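Student: Predicted model and sequence follow; I will ask about them next.
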Amino acid sequence: MAGYTPMILQYLAIKEETKDAFLFFRLGDFYEMFFEDAIAASRELEITLTGREGGGEQKIPMCGVPYHSAENYIIRLVEKGYKVAICEQVEDPAAAKGVVRREIVRIITPGTVMESKSLEGKTNNFIAAVVRVGGMLGLSACDLSTGELYVTSFPEQIEALIDEINVYQPSELVGDSELIDKVQAAAVWNRQLPLTAREPMAEEKLTEQYGEAELNRLSGARLRAVSVLTGYLDETQKRSLGHVRTINSYEPNQYMILDHYTRRNLELTETVRDRNKKGSLLWLLDRTQTSMGARLLRRWIDKPLLSSTTVNARLDAVETLYLNLILRDDIRAELQPIYDLERLVGRVAFGNANGRDLNALRSSLRRIPRLTALCEQSGSVVLRAIVEGTDDCADLADLIETVLVEEPPVAIREGGLIRAGYDAYLDQLREASMNGKKWLAELERQEREATGVKSLKIGYNKVFGYYLEVSKANLSMLPEGRYERKQTLANAERFVTPELKEKERLILEAEDKMVDLEYERFIELRDHLALHLHRLQKAAAVIAELDVYQSLATVSAERRFVRPQVSEGYDLHIEEGKHPVVEAMMDGTPFIANGTALHKDEQWMLLITGPNMAGKSTYMRQVALICIMAQLGCFVPAKSAAVPLIDRIFTRIGAADDLIGGQSTFMVEMKDIQLMTEKATANSLVIIDELGRGTSTGEGMAIAQAVIEYVHHHIGCKALVSTHFHELAHLEESLPSLTNARMAVEESGDNVTFLRKLIPGAASTSYGIYCAQLAGLPQSIIGRAYELLEETEKPVAAKSGITDGPAYNLSKIQPDKVAEARGIVQLSIFDEPAAAVEAETPRRKANPKAEQLAEQLRKLDLFNLTPMQAMQWLNDMKNKLND
Ligand SMILES: Nc1ncnc2c1ncn2[C@@H]1O[C@H](COP(=O)(O)OP(=O)(O)OP(=O)(O)O)[C@@H](O)[C@H]1O
């Protein structure tokens, strides 16, 4: 340290306070960075790295950005997952003795950024805190830009915590250091997530933020979670957060539980393949007009309800708007011009709202009376209840209108904000400045006349103030001694007169005062609004709710969804159900509807066999989506639907899930199944696609059977299981509540047509080789595979008594079954004899090499192979055969 200049010593002392952030150190018109910060920032921001003498033996690495364009650089760093501490000069350099005093005024972090472009969108930006108290885990999440704050807690289990964290998809995590480490080790984030260990904040300060009443409702882990989070916000923002006052505390079991994989597999808010909103349930349902509405809709999708009363209340509201097209259109039209009130309120609270923001607030508030009137006059009890007692904040809108001009500038320190007539003194100053300008115009006219120089003009610049300018060519026309020379340019001379200087002083003084006064009045207005944040937030919440109802109603009406009967019972009955998103994404081809009937006293487990690509996954997902849609309060894609409250959905669909996490597909599958066996209740819905496929056929089938039996005997929940092991069809015999079903196909010649229809009974083949053929594998392989399959399947078919004829005889599905396939099939009225298969059949051992090849071919996951990998595989196989 020895030898550094006082300023560098000051820098180092401040840097100690915030080691994990880039320190933007204000030096005059620049923010400078030094040492490692400078090296890293120059790399990340692609700015020049220089050096500065700082008293040490070597030059200190340094780089900087101009303060007026710093925001872009800060945001770039924050969006990359870094923190940035802003250090300002906090005393007037002229008055300072020694080094100017500097302090960190704010730390901008990914979870607390208020200025990012990403906040202009319709999604939340959450920061979350995780804590542990006794055997309980607490989680709180806050979106600083909107002021939302949630908190919950549950018995210690790291997976449950990670699932809940994933609901918020936070961009930053703080909390108890040990727990953070555990979360980090157990979770796979698909983005950089800065983690910071933090202690709770002082009780006194916490009470100051929320008030005693709000805090008294919390205890243990929840209180600590809120405290840790608020402490971090306080420490980084260093200002009062007037818009974060309401704590939404909830029980996890108020909502359907959806683990991370289930959310992903069902593509609730983004697609699995490219993480796009398009193609997700959110994309389909989002016809919201406002950003608040869009965020609320997403929350509803993330958290389907578990109370039939609340679900039905939501459905009532949706139904009203569903049935009343004119009302719906009127409401949509009123909502459309409403700005993001929550974020505007956030900016008011934060002290960075400008004139345009306040006008946006005003014009949005002006819509409320008409919106409430529409609901009140609708004759609907539900809609009336939603808007009952809504405060339209007219006084605030009026005030903004009185104070601000119609089109204020972006800047708030350069005047031009305040309406004439609002402040008498301001009006006087304006008058003075106007008069001054008129006087200048008059002076210009007089001087032109007196001198005869027509091009003489009065101008202004910051250094010399007002001046008279005469071009070089006309200088000779000026009478001697008339003006005082001030500045010489290439083609002209500039002059002043004592009179002009006197007037200039008056004009500039008036302008300075005007700008200051306008700023003062603006801040007064903003501070006044800041006293009413809670009212504004309540109004925003009503708008958001109405917006979600109209969105759900609009989609439901356009897509002809029906109102589900939601009840506390067990039975699930869907007539002509569809997958809403697959249907919406299809171009022209009709989506084939399929029914579902899972009844407590009949059958509630479905074992679905059928070829690849036949539509098994789509069908199973559609059942889950219909349940989720019903429980969030939306109409559903079906002819009719009676949906019980599902407490949790488990899905195990598709492979290649956790490749980043380094776990094998099979291991992930088994872990999911383990979680299901532990957590599923009779009211859950279990969906397992291709159970047991990641291991050897024998073991896979054995595990599949054992899992199915376990769900049947010990859990008793509704379950849809698809499998390639058509040999498992015999389970129907021994498990009274399990029924076989299959996806119908029509064969003609060499072609197989998928009818996408779920029909009773078990399939006799997976058509895996047919799919391989479709994928373009050489005919020699295909032919050989059929041959091998026939050899291995013969004994199975003979023993199993499968009714569809021998495997791969590609026998036609009987005409009556196809007819049935095209009609509505009620699974509860299945009358087909079940296909029975005895336990594992011994394989013929005639040609072990061929059998091995057939086995590998069977396991080959064509849909997850690149053409190059397929070529490689073929080559390997050929070599093996030639060996
Ligand atoms: N009911 C339906 N009506 C129309 N098209 C459908 C239907 N169900 C599925 N499809 C279409 O078939 C494609 C394949 O469906 P899906 O992925 O569900 O098949 P699968 O039987 O699960 O196949 P695999 O076993 O290979 O995963 C879907 O992408 C969709 O385009």
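Tutor: Arrived safely, thanks for sending. Numbering: from 1, shown residues only.

Student: if I pick the residue nearest in space to the middle of the chain, what's in contact with it?
Tutor: For the chain, the residue nearest the mean C-alpha position is residue 123 (4.8 Å; C-alpha atoms, centre = their mean). Shown in contact with residue 123 (C-beta atoms under 8 Å, 6 or more residues apart in numbering): 294-295, 298. For glycine as for every other residue, the C-beta is placed from the backbone atoms N, C-alpha and C.

Student: That one - that's part of a helix, no?
Tutor: No: counting by DSSP: H, G, I helix; E, B strand; the rest coil, residue 123 is not found in a helix; it is coil.

Student: where's it relative to the ligand, distance?
Tutor: 27 Å (C-beta to the nearest ligand atom, to the nearest Å).

Student: and the gap between that residue and residue 210?
Tutor: Taking C-beta to C-beta, to the nearest Å as the measure, residue 123 falls 26 Å from residue 210.

Student: Now, the contacts of residue 123 that are in helices?
Tutor: Counting by DSSP state H, these place 294-295, 298 in helices.

Student: As TSV, the residues you listed with distance to the ligand would be great.
Tutor: Below are the ones in helices among the contacts of residue 123 laid out as TSV (distance: C-beta to the nearest ligand atom, whole Å):
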residue	distance to the ligand
294	27
295	30
298	25
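
Student: CSV for those residues, including pLDDT?
Tutor: Below are the ones in helices among the contacts of residue 123 laid out as CSV (pLDDT from 0 to 100):
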residue, pLDDT
294, 95
295, 95
298, 95
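
Student: which of those tops the neighbour count?
Tutor: residue 295 (24 neighbours; other C-beta atoms under 10 Å).

Student: residues touching the residue lying closest to it once chain neighbours are set aside, list them.
Tutor: Of all residues not flanking residue 295 in the chain, residue 124 sits nearest, at 5.5 Å (C-beta to C-beta, 6 or more residues apart in numbering). Counting by C-beta under 8 Å, 6+ apart, residue 124 touches 143, 145-146, 148, 168, 295, 298.

Student: out of the residues you listed, who's nearest the ligand?
Tutor: In terms of C-beta to the nearest ligand atom, no member of the contacts of residue 124 lies closer to the ligand than residue 298, at 24.7 Å.

Student: Now do the same contact list for the closest one.
Tutor: Here residue 298 is in contact with 123-124, 269, 282 (criterion: C-beta under 8 Å, 6+ apart).

Student: Doesn't residue 460 lie inside a strand?
Tutor: Yes: under three-state DSSP, residue 460 falls within a strand.

Student: Relative to the ligand, how far out is it?
Tutor: Per C-beta to the nearest ligand atom, residue 460 is found 69 Å from the ligand.

Student: So what sits opposite that residue in the bridge?
Tutor: With DSSP bridges as the criterion, residue 460 is bridged to residue 466.

Student: hang on, isn't it packed against residue 494?
Tutor: No: using C-beta atoms under 8 Å, residue 460 is not in contact with residue 494, being 10.7 Å away.

Student: Need the residues touching each of the two.
Tutor: Shared contacts of residue 460 and residue 494, counting by C-beta under 8 Å, 6+ apart, come down to residue 467.

Student: who's more crowded, those two?
Tutor: Between residue 460 and residue 494, residue 494 has the larger neighbour count (other C-beta under 10 Å), namely 18 against 12.

Student: For the helix or strand containing that one, which outside residues touch it?
Tutor: Following DSSP states H and E, the helix or strand that holds residue 494 is strand 492-496. Defining contact as C-beta under 8 Å, 6+ apart, one finds that strand 492-496 is touched by 459, 464-472, 475, 483-488.

Student: tell me the SS of the residue of the stretch 651-800 of the chain found nearest the ligand?
Tutor: The nearest approach of the stretch 651-800 of the chain to the ligand comes at residue 756, 3.6 Å away (C-beta to the nearest ligand atom). Under three-state DSSP, the three-state class of residue 756 is strand.

Student: Distance of it relative to residue 97?
Tutor: For residue 756, the distance to residue 97 - C-beta to C-beta - is 83 Å.

Student: Please say which of these two ends up with more neighbours.
Tutor: residue 756 (21 against 7).

Student: So that one sits against residue 615, correct?
Tutor: Yes: in this structure residue 756 lies within contact range of residue 615 using C-beta under 8 Å: 4.4 Å.

Student: which residues are common contacts for the two?
Tutor: 592, 743.

Student: Would you state the helices of the stretch 1-150 of the chain in chain order?
Tutor: 6-17, 35-45, 70-79 (DSSP state H, counting those that start in this stretch).

Student: now those helices in JSON lines, with mean neighbour count?
Tutor: Formatted as JSON lines, the helices of the stretch 1-150 of the chain follow (neighbours: other C-beta atoms under 10 Å):
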{"stretch": "helix 6-17", "mean neighbour count": "16"}
{"stretch": "helix 35-45", "mean neighbour count": "18"}
{"stretch": "helix 70-79", "mean neighbour count": "18"}
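
Student: Let's have these in TSV, adding distance to the ligand and mean pLDDT.
Tutor: Below are the helices of the stretch 1-150 of the chain laid out as TSV (distance: least, C-beta to the nearest ligand atom, whole Å; pLDDT from 0 to 100):
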stretch	distance to the ligand	mean pLDDT
helix 6-17	55	92
helix 35-45	42	92
helix 70-79	35	90
